[in-house]
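[1] need a 3D model of the following:
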Amino acid sequence: MVTVIVNHKVKDFDTWLPFFEQHAEARRTGSVKGAKVYRSADDPNNVTVIFEVADPAKFQELGKSDDLRAILQESGVIGTPTFTILNAAGTYPV
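    Okay, here's the model as predicted:
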């Protein structure tokens, strides 16, 4: 399992969110096991999504799909999202 952090700007969060919600089946196909959506405290249209991904190769295929490109455009994503793939290095008590 890896964690993937995706950050992007959107024209309007309230317009973007339903597109994200409707894309759940495609995310499951891309081996996503869970997702958390965050908005920047300084800019509510700066969106970060943290995905838990079982198969990074399947997730990368999803990221290259024409379907996803169309959804990004329709939903109002501005520019190119940034992707950061993380491998767990440990869990520590506070």
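[2] how about stretch 23-30: buried residues?
    23, 27, 30 (16 or more other Cβ atoms under 10 Å). In this view, the C-beta of every residue, glycine as well, is placed from N, C-alpha and C.
[3] and these, which is closest to residue 47?
    Checking those against residue 47 by Cβ to Cβ gives residue 23 as the nearest, at 13.5 Å.
[4] OK, contacts around the closest one?
    For residue 23, the contacting residues are 68, 71, by Cβ atoms under 8 Å, 6 or more residues apart in numbering.
[5] any idea how far it is from residue 90?
    32 Å (Cβ to Cβ, to the nearest Å).
[6] so residue 8 sits in a strand?
    Yes: secondary structure of residue 8 (DSSP: H, G, I helix; E, B strand; the rest coil): part of a strand.
[7] ok, the closest residue in space to it that isn't next to it in sequence - how many residues close by?
    Nearest residue to residue 8 in three dimensions, chain neighbours excluded: residue 81, at 3.9 Å (Cβ to Cβ, 6 or more residues apart in numbering). Residues lying near residue 81 (other Cβ atoms under 10 Å) number 16.
[8] distance of residue 81 relative to residue 75?
    Using Cβ to Cβ, we find residue 81 at a distance of 11 Å from residue 75.
[9] and residue 93, by the same measure?
    For residue 93, the distance to residue 75 equals 39 Å [Cβ to Cβ].
[10] next: residue 69.
    From residue 69 over to residue 75 (counting by Cβ to Cβ), the distance is 11 Å.
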